[in-house]
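Enquirer: Sequence and predicted structure below; questions after.
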Amino acid sequence: MVSAVPDRATFTGQGFLRGVRRLAPMALLSVPYGVAYGAAAADAGLSPLQVVAMSALVFSATAQFAALDFLREPVAFGTLALTTLVLSSRHLIMGAALSPWVNALSWPRRTLTLGFLSDPNFADTMSDFETGRRDLAVLLGGGAIMWLQWVASTGVGATGGVLVGDTSALGLGVVMVCFFAATVVGQWRAAPGLTATIAVAVAVALLTIDLLPAGWNIIAAALAGGVLHLARA
Amino acid sequence: MSDAAFLAVLGLMAAIVFLTRIGGALALAWTPSTPRLERFLEGMAAAVIAALVATLLMRGGTVDLIAVAAASAVMAVSRSVIGSIIAGMATAIVCNQWTGL
């Protein structure tokens, strides 16, 4: 049996810059969200330095928002660990989906690139893959610009120097979900064979949203989509 | 909260999130690549983003749903991500300003 060797992954400076460029508009549009988190974290008792440290090392809006409920002693470490794990668990799926290419990189590059893995740069890298290129530096570049923006905007928010009004009036609240939706539509346009996979993923995510703890419904949907895609091969 | 407690929270969260980031690829690092595995992963890659959109929409309001519909329509026709997001934002602004949604 011939094993399918994935198109060789590359890791170029050009790819890094392409990742930065592709996600720069998203980073800019997400600034008010970061400022809002910084302000909320300051309200919860964190200093600007603590907010910056957390944004830099955790780099996960959902996990960081959830953690604001745990900032009193004695800290419920067990619940905090489980909450963080559940809210981050979809990274496992994304890392697995990238594995044929990301595992072709050296260990330092692999660890660095995956360290910046998040929803936007994963989605963007999948779109970039449609061009036939497999440059993992795109993932790193996109992650780096989102990370920089997150650290800076949450830090500014924590100093309380900037007041954010109601961002919904500017339509900024829908930016990320529209970006992810556009990615799905782009994938579907490039590969119409994905129609059933996408439909099943949406159905399973919606059907299990109230049955499973937050976050696990996405894992269930991703596994269902993968199995269906395999079965229809 | 004390600095020690904060550092413990920070360390715990940073470690768990990092492990989820590298864990998926690590788990498959020693698994030989086969066409079947790749087919499964390809389906999962599309499914995880679609499931994320569905989940965000379920938690969001009617405005998010209409904005995503507009963004998706523009993407389907133009294949422009930026155009799609502008359409979604414009739709949300219109909904917020001129409708009671």
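Expert: That came in fine, so what should we check first? Numbering: from 1, shown residues only, chains lettered A, B, ... in the order given.
Enquirer: Closest to the centroid, which residue in chain A?
Expert: The residue lying closest to the centre of chain A (Cα atoms, centre = their mean) is residue A:119, at 1.8 Å.
Enquirer: all helices of the chain, in order?
Expert: No chain was given, so I picked chain A. Under the criterion DSSP state H, helices of chain A are mapped to A:13-29, A:31-43, A:48-58, A:61-67, A:77-88, A:90-102, A:107-115, A:119-129, A:137-159, A:175-190, A:195-208, A:216-231.
Enquirer: nope, chain B
Expert: Under DSSP H, chain B gives helices at B:3-27, B:35-59, B:62-78, B:81-98.
Enquirer: Quickly check: the third one near chain A or not.
Expert: Yes. Counting by Cβ under 8 Å from any Cβ of the partner chain, chain A has neighbours in helix B:62-78: B:63, B:64, B:67, B:68, B:71, B:72, B:75, B:76. Placement of C-beta: from N, CA and C, glycine included.
Enquirer: for the second one, same thing?
Expert: Yes. Under the criterion of Cβ under 8 Å from any Cβ, chain A is reached by helix B:35-59 at B:35-36, B:38-58.
Enquirer: what pLDDT, on average, does that helix get?
Expert: Rounded to a whole number, the mean pLDDT of helix B:35-59 is 95.
Enquirer: what about that helix, distance to the chain center?
Expert: Mean-position distance between helix B:35-59 and its chain equals 10 Å (Cα atoms, centre = their mean, to the nearest Å).
Enquirer: For that helix, which helices and strands make contact with it?
Expert: Other helices and strands packing on helix B:35-59, by 3 or more Cβ pairs under 8 Å, 6 or more residues apart in numbering or on different chains; DSSP states H and E, are helix A:90-102, helix A:119-129, helix A:175-190, helix A:195-208, helix A:216-231, helix B:62-78.
Enquirer: Just put these in JSON lines and tack on mean pLDDT and distance to residue B:12.
Expert: Shown next, in JSON lines, are the helices and strands packed on helix B:35-59 (pLDDT from 0 to 100; distance: least, Cβ to Cβ, whole Å):
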{"stretch": "helix A:90-102", "mean pLDDT": "96", "distance to residue B:12": "16"}
{"stretch": "helix A:119-129", "mean pLDDT": "96", "distance to residue B:12": "22"}
{"stretch": "helix A:175-190", "mean pLDDT": "95", "distance to residue B:12": "26"}
{"stretch": "helix A:195-208", "mean pLDDT": "97", "distance to residue B:12": "27"}
{"stretch": "helix A:216-231", "mean pLDDT": "96", "distance to residue B:12": "20"}
{"stretch": "helix B:62-78", "mean pLDDT": "97", "distance to residue B:12": "32"}
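Enquirer: Would you format those helices as TSV with distance to residue A:53 included?
Expert: Formatted as TSV, the helices and strands packed on helix B:35-59 follow (distance: least, Cβ to Cβ, whole Å):
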stretch	distance to residue A:53
helix A:90-102	20
helix A:119-129	22
helix A:175-190	24
helix A:195-208	33
helix A:216-231	28
helix B:62-78	32
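Enquirer: Mind checking those helices for the one nearest to residue B:13?
Expert: Residue B:13 lies closest, by Cβ to Cβ, to one member of those: helix A:90-102, at 13.2 Å.
Enquirer: which outside residues touch that closest one?
Expert: A:6-7, A:9, A:110, A:113-114, A:117-119, A:122, A:125-126, A:134, A:136, A:139, A:215, A:218-219, A:222-223, B:17, B:20-29, B:33, B:38, B:41-42, B:44-45, B:48, B:52 (Cβ atoms under 8 Å, 6 or more residues apart in numbering or on different chains).
Enquirer: cool, and stretch A:184-201?
Expert: With Cβ under 8 Å, 6+ apart as the test, stretch A:184-201 has contacts from A:126-127, A:130, A:221-222, A:224-225, A:228-229, A:232, B:43, B:46-51, B:53-54, B:72, B:75-76, B:79, B:81, B:84.
Enquirer: What subset of the residues you listed is buried?
Expert: A:126-127, A:221-222, A:224-225, A:228-229, B:43, B:46-51, B:53-54, B:72, B:75, B:79, B:81, B:84 (16 or more other Cβ atoms under 10 Å in any protein chain shown).
Enquirer: dump the residue contacts of residue A:229.
Expert: Residue A:229 neighbours (Cβ under 8 Å, 6+ apart): A:194, A:197, B:39, B:40, B:42, B:43, B:44, B:46, B:47.
Enquirer: gap between it and residue A:223?
Expert: 11 Å (Cβ to Cβ, to the nearest Å).
Enquirer: Touching both of those two, which residues are there?
Expert: residue B:44.
Enquirer: okay, now residue A:203: neighbour count?
Expert: By other Cβ atoms under 10 Å in any protein chain shown, the residues close to residue A:203 number 16.
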